[in-house]
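S.K.: Take this sequence and fold it.
(chains A and B)
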Amino acid sequence: MIRLLLPLAALVLLAVLPALVSEYGLGLLIGAATYVTLASAWALFSGQTHYVSLATVAFYGTGAYAVAVLNEALPYPAVLLCAALAGAAMALAVGLSTLRLSGVYFVIFSFGLAELVRQLITWYEVNVTGTLGRYIFLDVTARGIYWQMLALGAATIALSAWIGRGRLGMALRVIGDDEEVAAHSGINLARSKLAAFVLSAVILTLAGAITSPRYVYVEPSIVFNPTVSFLTVIMALLGGANRLWGPALGAVPLFLAFEWLSAHFPDTYPVLLGLLFIGVVFLVPQGILPAAEKLLRRRAEA
Amino acid sequence: MSLLEIIGAEKRFGGLRAVDGVSFSLGRGEIAGLLGPNGSGKTTLINLVSGALPLSAGEIRLGGRRISGLGRDRIARAGVARTFQLVRILPSLSLRENVMVPAVFGRKAHWGRAAERVADAALELAGLSARAALRASELTYIDQKRLELARALAAEPELLLLDEWLAGLNPTELAEGVALIRRLQGEGLAILMVEHILDAVRALCPRVVVMNSGRLIADEATEAALSDPKVIAAYLGEEADA
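M.R.: Numbers count the residues shown, from 1 in each chain, chains lettered A, B, ... in the order given. You can find the predicted model right below:
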């Protein structure tokens, strides 16, 4: 019961927070909620299966671009639906062709995918529509964006919890440990991986769509920025990618740290970012939550 | 009717015929040893039956149904369970979770209490009940082997493929292992076991199938096979033959 009530209470608290903070504070809240959502959605597939995907921004950017293209033609809910469908279609096509790849090959492919999508859209805009940049004029307030992102993030964590307790969750954990054993135990590898990959991709796409009005002006180099993919991975890893609350726990402090660093050290920021990445991988390779669990277990045994 | 029928099974790796026209069958509840020198194709044959490798030619049937050509997961759900030559466990999961997996995804697709019952029974049989909550990575080698067997059993298979499951055990563990396998066979499970420990093969298997260079060279009663000049020559190498 407490496991359900505590998150719900926290959600209510987070929902009323915009009334208490400044415009700048609201911007931070949106950013934090976005990265909590991205990291949690990433972990839904990658955290369990250990297929490290650097394609986050391919889906995030597609979502943002879908809104940029459709925002004047369709009502907002229909735009979101189209974005989600585009993300799902892309994930299906990519998943069917690549989830056979394992290890480093999948990582490289996923990184290439983001770049490919960016180049394709750039080519299409330049050669076919003749408009590289697009404007998003939507009647959505910053608070509206925050609430939508908060709802998406909460839904992502709830979905992850639900999947984790079911057959799909078990299949994904086994795949992460040993695919060979998984297959010989009766698990349909392709179907399990594809299901999780598509679900994760739809959420990533929606996150891009919801946050897109904040950009106002959208072009491929802005919304397909690979840093988004790297940040997502490092946040999930820091918190613990195979724990329900791990990605959220990693996302909030790292997002705030990035904001502070980029504001105070705009020139050296990328260097500091790199050092931070290295530090995380060296100091807490399994993530904070699993490390804390281990520590508690040792204490209990001692 | 036979449970397992291997009909002209062939596996080529480039120019090498790792399994070359092998045919034999195994009855329901029957146990047989699969012998042969290193590199004779035993593990490849196990991989063909369990679907880890596709056949180059021939056919494999289980209970009259063709299973060759199906994926590993579908063959597992059809009732074939296996262990691995190099023990494979799910290190980050608990023993109980390890064993739950085939109960959930195997032939009978249990869930919830039913899956837990099957898992607990398999752990009990393998003598691991007391440590069900432990992480599998914390087990010793022999216990990892036990866990692997428990996992195969939790699939409630009709056919169990053991790939040198007894290798690396000390004499006491070996005696326990032999007793365990005998018990499983007593419960109606058909078992095909690759094994180099001949005493164990003698103790468990009335019949053996012997391979050399991918071919079947003997399929007969164990004692007869072990004194068969062809088999002895295969084990001692070609020079002894001359």
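S.K.: going forward, measure contacts between C-alpha atoms and count neighbours the same way
M.R.: Noted.
S.K.: in the one helix or strand residue A:206 maps to, what counts as buried?
M.R.: Assignment of secondary structure by DSSP states H and E places residue A:206 within helix A:189-211. Buried positions in helix A:189-211, judged by neighbour count with 16 or more other CA atoms under 10 Å in any protein chain shown: A:189, A:192-211.
S.K.: After it, which helix or strand is next?
M.R.: Using DSSP H and E, the helix or strand that follows helix A:189-211 towards the C-terminus is strand A:217-218.
S.K.: any idea which helix or strand comes after that next one?
M.R.: For strand A:217-218, the following helix or strand on the C-terminal side (DSSP H and E) is helix A:220-223.
S.K.: now the strands for chain B?
M.R.: For chain B, the strands defined by DSSP state E cover B:2-13, B:16-27, B:31-35, B:57-62, B:65-66, B:80-82, B:159-163, B:190-194, B:207-212, B:215-221.
S.K.: Of these, which stretch is the most buried?
M.R.: The highest average neighbour count among the strands of chain B, using mean count of other CA atoms under 10 Å in any protein chain shown, belongs to strand B:80-82 at a mean of 30.
S.K.: what helices or strands is that strand leaning on?
M.R.: If you count contacts as 3 or more CA pairs under 8 Å, 6 or more residues apart in numbering or on different chains; DSSP states H and E, strand B:80-82 packs onto helix B:42-50, helix B:141-154, strand B:159-163.
S.K.: anything in the first one sitting right up against chain A?
M.R.: Yes: looking at helix B:42-50 against chain A by CA under 8 Å from any CA of the partner chain, the contacts come from residue B:50.
S.K.: can you list the residues that contact that helix?
M.R.: Contacts of helix B:42-50 with the rest of the structure, by CA atoms under 8 Å, 6 or more residues apart in numbering or on different chains, involve A:184, B:11, B:18-19, B:34-36, B:53-55, B:60, B:68, B:72, B:75-76, B:80-82, B:85, B:161, B:163, B:194, B:211, B:214.
S.K.: now chain A, which segments are flagged as low pLDDT?
M.R.: Residue ranges of chain A with pLDDT under 70: none are present.
S.K.: Just want the residue of it that's nearest chain B.
M.R.: Closest residue of chain A to chain B, CA to the nearest CA: residue A:186 (3.8 Å).
S.K.: Just say helix, strand or coil for that residue.
M.R.: On the three-state scheme (DSSP: H, G, I helix; E, B strand; the rest coil), residue A:186 is labelled coil.
S.K.: Pull the contacting residues for it.
M.R.: Residue A:186 touches B:72-77, B:102, B:105-107, counting by CA under 8 Å, 6+ apart.
S.K.: just the residues you listed now: which is nearest chain A?
M.R.: Checking these against chain A by CA to the nearest CA gives residue B:73 as the nearest, at 3.8 Å.
S.K.: ok now do that closest one, which residues does it touch?
M.R.: Listed by CA under 8 Å, 6+ apart, the contact set of residue B:73 reads A:182-188.
S.K.: Grab the nearest non-local neighbour of it.
M.R.: residue A:186 (3.8 Å; CA to CA, 6 or more residues apart in numbering or on different chains).
S.K.: same deal with residue A:46?
M.R.: When the adjacent residues along the chain are set aside, residue A:46 lies closest to residue A:52, with 5.3 Å between them (CA to CA, 6+ apart).
S.K.: would you turn the helices and strands packed on strand B:80-82 into CSV with mean pLDDT?
M.R.: Formatted as CSV, the entries for the helices and strands packed on strand B:80-82 read as follows, by pLDDT from 0 to 100:
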stretch, mean pLDDT
helix B:42-50, 97
helix B:141-154, 92
strand B:159-163, 96
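S.K.: closest to residue B:98 out of these?
M.R.: Checking the helices and strands packed on strand B:80-82 against residue B:98 by CA to CA gives helix B:141-154 as the closest, at 6.6 Å.
S.K.: longest helix anywhere in chain B?
M.R.: Of all the segments assigned as helix in chain B under DSSP state H, the longest by residue count is helix B:171-186.
S.K.: what separates that one from the chain centre, distance-wise?
M.R.: A distance of 14 Å separates the centroid of the chain from that of helix B:171-186, by CA atoms, centre = their mean, to the nearest Å.
S.K.: Next: stretch B:76-87.
M.R.: Averaging C-alpha positions (CA atoms, centre = their mean) puts stretch B:76-87 7 Å from its chain's average.
S.K.: got the CA coordinates for that stretch in PDB?
M.R.: The C-alpha coordinates for stretch B:76-87 follow below in PDB (Å, rounded to 0.1, in the frame of the first residue of the first chain):
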ATOM      1  CA  ALA B  76      11.900 -25.800 -25.700                       C
ATOM      2  CA  ARG B  77       8.200 -25.300 -25.500                       C
ATOM      3  CA  ALA B  78       7.700 -28.600 -27.400                       C
ATOM      4  CA  GLY B  79       9.400 -30.400 -24.500                       C
ATOM      5  CA  VAL B  80      13.200 -30.400 -25.000                       C
ATOM      6  CA  ALA B  81      15.400 -29.100 -22.100                       C
ATOM      7  CA  ARG B  82      19.100 -29.000 -22.100                       C
ATOM      8  CA  THR B  83      22.200 -28.100 -20.000                       C
ATOM      9  CA  PHE B  84      25.300 -26.600 -21.400                       C
ATOM     10  CA  GLN B  85      28.800 -28.000 -21.700                       C
ATOM     11  CA  LEU B  86      30.100 -24.800 -20.000                       C
ATOM     12  CA  VAL B  87      27.600 -24.300 -17.200                       C
END
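S.K.: any residues touching it, and which ones?
M.R.: Applying CA under 8 Å, 6+ apart, the set of residues contacting stretch B:76-87 is A:183-186, B:43, B:50, B:62, B:105-108, B:144-145, B:148-149, B:152-153, B:155-165.
S.K.: coming back round to it: from the contact counts, what lies against the helix holding residue A:206?
M.R.: Secondary structure elements in contact with helix A:189-211, counted by 3+ CA pairs under 8 Å, 6+ apart, are helix A:23-49, helix A:56-70, helix A:76-98, helix A:142-164, helix A:167-177, helix A:179-184.
S.K.: in the chain, which residue is closest to the centre?
M.R.: In the absence of a named chain, chain A is used. By CA atoms, centre = their mean, the mean C-alpha position of chain A lies nearest to residue A:38, the distance being 1.9 Å.
S.K.: could you do chain B instead?
M.R.: Nearest to the geometric centre of chain B sits residue B:161, at 1.7 Å (CA atoms, centre = their mean).
S.K.: ok, now which ones touch that residue?
M.R.: Contacts for residue B:161 (CA under 8 Å, 6+ apart) come out as B:46, B:80-83, B:191-194.
S.K.: Kindly recompute the last result at 6 Å.
M.R.: For residue B:161, the contacting residues are B:82, B:191-193, by CA atoms under 6 Å, 6 or more residues apart in numbering or on different chains.
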